[in-house]
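> for reference, the sequence and a predicted model appear below.
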Amino acid sequence: MKKLFLSGLIFLCCMFTTSCSQEPVDGTRFLFNTICTLTVYSEENPDESAEEIIEGAFDLCEEYENMFSRTIEGSDIDRINNSNGQPVEVSPDTADIIGEAVRYGEISGGAFDITTAPLSILWDFEGDAPSVPPAGEIEELLKTVDYTKIRVEGSTVTLEPPAKAIDLGAIAKGYITDRLVEYLTDNGVTSAIISLGGNIYAIGTSDGRPFRIGVQDPAGEGGAILGYVEISNKSVVTSGDYQRFFVQDGKVYHHILDPETGYPTDNGLASVTIISDRSTDGDALSTSCFVLGLEDGMELVNGIDGVEAIFVDHDGNMYFSDGFGTGMEFVQA
Ligand code: AMP
Ligand code: MG
């Protein structure tokens, strides 16, 4: 594990910087509760313009949002959460993503757990006036947190009691990013950036060189970046305690919950950034590692081929997985 000291309190998130001689075509929509941008630098499809391809990609995003959202009535997830333990027939994609989420529950030893949903609803981080819930209520809902109560058989999903509800917020943007990569490349796109909030994927290269994905200090003035990684056909995903939070009595309460306590994870980490081939893995692992903490999270990443990570703690230290220096570089700004 390599360690780099940086002064001050440093938060981490991703932004991309690039230069390209071709005129890029981009589109922006508010989806999944965040700003989503698709930028196409090069496409070789004689039938459809880049604008039409981008429209098609956003239509696909909406289809996924209508399946995966916990808050859209009639979505697959809404139907599962109202099933009272009965089997629910869902789309193949919903079965697939839930299967991935259960797998990450196992890989992370329960740090990643989509049945934390009732607790996220109780904490209400996205509400108008969130506050720390009564300890007794947290204790009560903790009994419903258990991803092993999710059964996926073909396209049938059963959520057995005491598990009550699931939320795919920690994995859906990564999964949808992977589907967008397939859609765009199938449509002849050879160079593009997908950005679904903190989830970024770079397709191809920029003028023959890898894309530079910046690592930003969001607490810094003017969006200054700490540095960047150079990637091609890879995903960069960040989970951080600054992305969704409220402050009560001077203490920050953020949206990534420790399934063991029911409270926001409090292990000294400010963010975890994962670089991987699949964005599903990046999204699930960034949340998993954020909950696991520096030591266990780094051990998990270093045990998976082709996945790298940058951890940042509240003291401003950055920690890099073993692949940095042997193939992957972090270039300081
Ligand atoms: P992310 O930004 O990808 O790290 O995901 C955070 C979101 O996932 C939260 O807003 C919750 O909806 C949900 N979540 C919170 N804690 C967990 C957890 N320990 N495991 C899985 N999902 C979680
Ligand atoms: Mg995630």
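Sure thing, it's come through. Ligands and ions are numbered 1, 2, ... in the order given.

> show me which helix runs longest in this structure.
The longest helix of the chain (DSSP state H) is helix 50-68.

> which helices and strands sit right next to that one?
Counting contacts by 3 or more Cβ pairs under 8 Å, 6 or more residues apart in numbering; DSSP states H and E, helix 50-68 packs against strand 25-31, strand 34-43, helix 76-81, helix 92-107, helix 172-186, strand 189-196. Every residue, glycine included, has its C-beta placed from N, CA and C.

> for Trp123, see how far away Pro133 is.
6 Å (Cβ to Cβ, to the nearest Å).

> same drill for those two, tell me which one is more crowded.
A count of neighbours by other Cβ atoms under 10 Å puts Trp123 above the other of Pro133 and Trp123, at 24 against 16.

> thought Ser131 was touching the more buried one, still the case?
No. Using Cβ atoms under 8 Å, Trp123 is not in contact with Ser131, being 9.0 Å away.

> now do the helices in this protein.
50-68, 76-81, 92-107, 117-123, 135-142, 172-186, 279-292, 294-302.

> may I see those helices arranged in JSON lines, with distance to Gly27 and mean pLDDT as well?
Below are the helices of the chain laid out as JSON lines (distance: least, Cβ to Cβ, whole Å; pLDDT from 0 to 100):
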{"stretch": "helix 50-68", "distance to Gly27": "4", "mean pLDDT": "97"}
{"stretch": "helix 76-81", "distance to Gly27": "26", "mean pLDDT": "98"}
{"stretch": "helix 92-107", "distance to Gly27": "22", "mean pLDDT": "98"}
{"stretch": "helix 117-123", "distance to Gly27": "30", "mean pLDDT": "97"}
{"stretch": "helix 135-142", "distance to Gly27": "39", "mean pLDDT": "98"}
{"stretch": "helix 172-186", "distance to Gly27": "12", "mean pLDDT": "98"}
{"stretch": "helix 279-292", "distance to Gly27": "19", "mean pLDDT": "98"}
{"stretch": "helix 294-302", "distance to Gly27": "33", "mean pLDDT": "98"}
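
> for these, which one sits closest to ligand 2?
helix 279-292 (3.5 Å; Cβ to the ion).

> check whether the closest one comes near ligand 2.
Yes. Helix 279-292 is in contact with ligand 2 by Cβ under 5 Å from the ion, via 283, 286-287.

> let me know the closest of those to ligand 1.
Thr287 (3.5 Å; Cβ to the nearest ligand atom).

> that closest one: neighbour count?
27.

> quick check: closest non-adjacent residue to the residue of the stretch 101-250 of the chain found nearest ligand 2.
Going by Cβ to the ion, ligand 2 is nearest to Ala170 of the stretch 101-250 of the chain, at 3.9 Å. Nearest non-adjacent residue to Ala170, counting by Cβ to Cβ, 6 or more residues apart in numbering: Thr287, 4.1 Å away.

> where's Gly227 relative to Gly214, distance?
From Gly227 to Gly214 the distance is 7 Å (Cβ to Cβ).

> where does pLDDT dip in the stretch 151-300 of the chain?
216-224 (pLDDT under 70).

> which bits of it sit near ligand 1?
167, 169-170, 239, 243-244, 255-257, 259, 283, 286-287, 291 (Cβ under 6 Å from any ligand atom).

> among the residues you listed, which are located in strands?
With DSSP state E as the criterion, strands contain Ser239 from among those.

> buried members of the residues of the stretch 151-300 of the chain next to ligand 1 into ChimeraX, please.
Only the buried members of these enter the following ChimeraX selection, criterion being 16 or more other Cβ atoms under 10 Å:
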select :167,169,170,239,243,244,255,256,257,259,283,286,287,291
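
> could I get the residues of the stretch 151-300 of the chain next to ligand 1 as TSV with distance to Ile231?
Formatted as TSV, these follow (distance: Cβ to Cβ, whole Å):
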residue	distance to Ile231
Asp167	29
Gly169	24
Ala170	22
Ser239	18
Gln243	21
Arg244	26
His255	26
Ile256	24
Leu257	30
Pro259	31
Asp283	16
Ser286	15
Thr287	20
Val291	25
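
> need the max-distance pair from the residues of the stretch 151-300 of the chain next to ligand 1.
Maximum pairwise distance in those, criterion Cβ to Cβ, is 18.6 Å, between Gln243 and Pro259.
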